[in-house]
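> 3D, please:
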Amino acid sequence: MITKVDQWLQPLFLLTMLASWDRSLSYTSSSNPIKSRRNNVESKSSAERDSLSRRRGPSALPERSTQHLSPLSPPFPNGQCGGTVITLPAEEMYSTKGDGLLSVLSLPATVSNFMLTPRDISVWLPKEYDFVEFKRVDFPVLYCHDGQNAYEDSSSWTGSSWRMIGALTRLYERDMIEIPPIVVMIPSADGDIMPGLRRRHAEYGDMTLPFSQAHGEFVAEKLHPYVKNRFRVKDGPENVSAIGSSLGGQASLQLVLRYPETFGGVACMSPCFQVGTIASVMANVVNGGFDTNSTGENLRDLSVILSKASNLYSSKEKLRNNHKSLHSKTIYIDNGGDRDESKVPFFDVMDHFTMNDKWWNPGYFWLDTQLQPTIDAVRWALDRGGVEYWYEKFPGARHNERAWAQRIHSPLLTLYGKTRQP
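Residues are numbered from 1 along each chain as shown. Okay, the predicted model is just below:
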């Protein structure tokens, strides 16, 4: 028997296969083991580029010299690089008073804290935050999933971090970004909900999972208002972004989809996109801003999807001004994996030179290759809807923190670069 869900899942799976086939034709071979690819960048006019740059607002920041600096090149420094890391204690951030975190489901705190286990959250303030000349300056804010892996090698589960703070510091020193963002590092949940179901997989899971809905609501409706009230944060979705890797990349994209009035930028490194997330991207592209509860109705007829998506090209400017539309967002996607003659090595000895007790965990060498079809499905939907985004392919790159550290500057430049060119 074909259920109501099957009626819209079938065209979705067809689109996934079409996208994978379409991308396989478009890839070109390269002798360079690290080759970047971008979508729609070449087609932008200079006026469109200027318009995108103006979204960040006027600059009234102190000038800085970039003389005598070496070219930007990873690996970037480890640690907080002169900034300040402030801990938001779990008991302050997570509900313990019985009012519940999930307003939609009206759950008591005991149930909310079962769905979202309380944990400390770290906030990195750039060293400039306390400079006298910056006392009247507001900062953009970046929410980071798997925050324990973001900047400090010793706290990362593989023994290597993204070195994100080091990258932001180097980018700012070289005048490649306007101002470093405040970075809110949300660690992923530990342990299992039940045998075989990791808490992290549930919180960062598909759009329809109550755990992922609870996580999104916590970040958008509890954590972000707290951060706004405590720190000097710029207003507007164009100044609020999310970043994550693997399932954390999916969770980051979901924040933009669920709370478009709050989040205006997203960076997904080696993302693990699942069916409901892909469906939500398609629904947004079709409607130019959507209700997540009506996703199924929009995906039943493949011909309707294609015709509606093609009609959106005529109203791009209108969509860019609609915060609910993905056309108004800054979107970055990348991945490694096999491509032509560039293959992910089964073993990389450098993954084990972490100089700490995590040397035994190299990450997953095969995963970026396996994730390619679902990444292609999201890109296919964005392409058909005329949504501008940045995509980078890093052939041969592994699925782990050390690989992401080698390219962390690329998503940061997309989100914060003066010319938004990775």
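
> would you say residue 331 is within a strand?
Yes. Counting by DSSP: H, G, I helix; E, B strand; the rest coil, residue 331 is part of a strand.

> does it have beta-bridge partners, and which?
Listed by DSSP bridges, the beta-bridge partners for residue 331 are residue 266.

> State whether it and residue 385 are indeed in contact, as I suppose.
No. In this structure, residue 331 is not within contact of residue 385 by CB atoms under 8 Å, at 11.7 Å. For the C-beta atoms, the positions are set from N, CA and C on the backbone; glycine is no exception.

> and the two? which has more neighbours close in?
Taking neighbours as other CB atoms under 10 Å, residue 331 and residue 385 compare with residue 385 leading, 26 against 23.

> Assess the claim that that one and residue 286 are in contact.
Yes. Look at residue 385 against residue 286 with CB under 8 Å: they come within range, at 7.4 Å.

> mind showing which ranges of the stretch 51-200 of the chain have poor pLDDT?
51-68, 95-112 (pLDDT under 70).

> where exactly do the helices run in it?
Per DSSP state H, counting those that start in this stretch, the stretch 51-200 of the chain carries helices over the ranges 90-93, 109-115, 164-173, 199-203.

> For residue 419, find the nearest of these.
helix 164-173 (12.2 Å; CB to CB).

> ok, residues contacting that closest one?
64, 66, 69, 72, 74-83, 124, 126, 128, 144, 150-151, 177, 179-181, 183, 243, 408-409, 412-413, 416-417 (CB atoms under 8 Å, 6 or more residues apart in numbering).

> Only the buried subset of the residues you listed, as a PyMOL command please.
Selecting the buried subset of the contacts of helix 164-173 in PyMOL, with 16 or more other CB atoms under 10 Å as the burial test, is done by:
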select buried, resi 76+78+79+80+81+83+124+126+128+144+150+151+177+179+180+181+183+243+408+409+412+413+416+417
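
> Would you report which members of the contacts of helix 164-173 are assigned to strands?
Among those, the ones falling in strands (DSSP state E) are 124, 144, 183, 243.

> how long is stretch 157-171 end to end?
26 Å (CA to CA, to the nearest Å).

> I meant to write stretch 179-194 there.
End to end - CA to CA - stretch 179-194 spans 43 Å.

> Now it: buried residues?
179, 180, 181, 182, 183, 184, 185, 186, 187, 188, 189, 193.

> repeat for stretch 235-253
In stretch 235-253, counting by 16+ other CB under 10 Å, buried: 237-253.

> Figure out how far it is from the centre of its chain.
Here stretch 235-253 is found 4 Å from its chain centre; the criterion is CA atoms, centre = their mean, to the nearest Å.

> re the thing from before, would you format the helices of the stretch 51-200 of the chain as a markdown table with mean neighbour count included?
A markdown table is the format used below for these (neighbours: other CB atoms under 10 Å):
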| stretch | mean neighbour count |
| --- | --- |
| helix 90-93 | 14 |
| helix 109-115 | 17 |
| helix 164-173 | 23 |
| helix 199-203 | 21 |
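
> Can you check which of these gets nearest to residue 137?
helix 164-173 (13.0 Å).

> how about the helices of the stretch 51-200 of the chain in TSV, adding distance to residue 394?
Formatted as TSV, the helices of the stretch 51-200 of the chain follow (distance: least, CB to CB, whole Å):
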stretch	distance to residue 394
helix 90-93	35
helix 109-115	35
helix 164-173	15
helix 199-203	24
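
> what's the closest of these to residue 362?
Nearest to residue 362, of those and by CB to CB, is helix 199-203 at 18.5 Å.

> counting contacts, what elements does that closest one pack onto?
Helix 199-203 is packed against strand 192-194, helix 210-217, helix 247-258, with contacts defined by 3 or more CB pairs under 8 Å, 6 or more residues apart in numbering; DSSP states H and E.

> can you list those in CSV and add distance to residue 171?
Output for the helices and strands packed on helix 199-203, formatted as CSV (distance: least, CB to CB, whole Å):
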stretch, distance to residue 171
strand 192-194, 38
helix 210-217, 28
helix 247-258, 20
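
> closest to residue 394 out of those?
Residue 394 lies closest to helix 247-258 among the helices and strands packed on helix 199-203, at 14.2 Å (CB to CB).

> tell me what that closest one is packed against?
Counting by 3+ CB pairs under 8 Å, 6+ apart, helix 247-258 packs on strand 141-145, helix 199-203, helix 210-217, strand 240-245, strand 265-269, helix 275-287, strand 330-335.

> where does the nearest residue in space to residue 343 that is not next to it in sequence land in three-state SS?
Among residues not flanking residue 343 along the chain, residue 396 sits closest, at 6.2 Å (CB to CB, 6 or more residues apart in numbering). At residue 396 the chain is in coil, as set by three-state DSSP.

> Okay, now the unreliable bits of the stretch 301-422 of the chain?
Those would be 301-321, 420-422, if you go by pLDDT under 70 across the stretch 301-422 of the chain.

> Strands along that one, start to end?
For the stretch 301-422 of the chain, the strands defined by DSSP state E, counting those that start in this stretch cover 330-335, 390-393.

> Direction included, what does the last one pair up with?
Put plainly, it is strand 390-393. strand 330-335 (parallel).

> relative to strand 240-245, how tilted is the partner strand?
10 degrees (axes from the mean of the first three to the mean of the last three CA atoms, to 10 degrees).

> contacting residues around strand 330-335?
With CB under 8 Å, 6+ apart as the criterion, strand 330-335 contacts 238, 241, 249, 253, 256, 264-271, 368, 371-372, 375, 378-379, 382, 387-394, 397, 407, 410-411, 414-415, 420, 422.

> OK, contacts around residue 357?
Residue 357 neighbours (CB under 8 Å, 6+ apart): residue 159.

> Hmm, the residue nearest to residue 343 is touching residue 339, no?
Yes. Between residue 396 and residue 339 there is a contact under CB under 8 Å: 7.5 Å.

> Neighbour count for those two, which is higher?
residue 339 (23 against 19).

> Pull the number of nearby residues for the nearest residue to the more buried one once chain neighbours are set aside.
Leaving aside its sequence neighbours, residue 339 sits nearest to residue 395 (CB to CB, 6+ apart; 3.8 Å). Residue 395 has 22 neighbours, counted by other CB under 10 Å.
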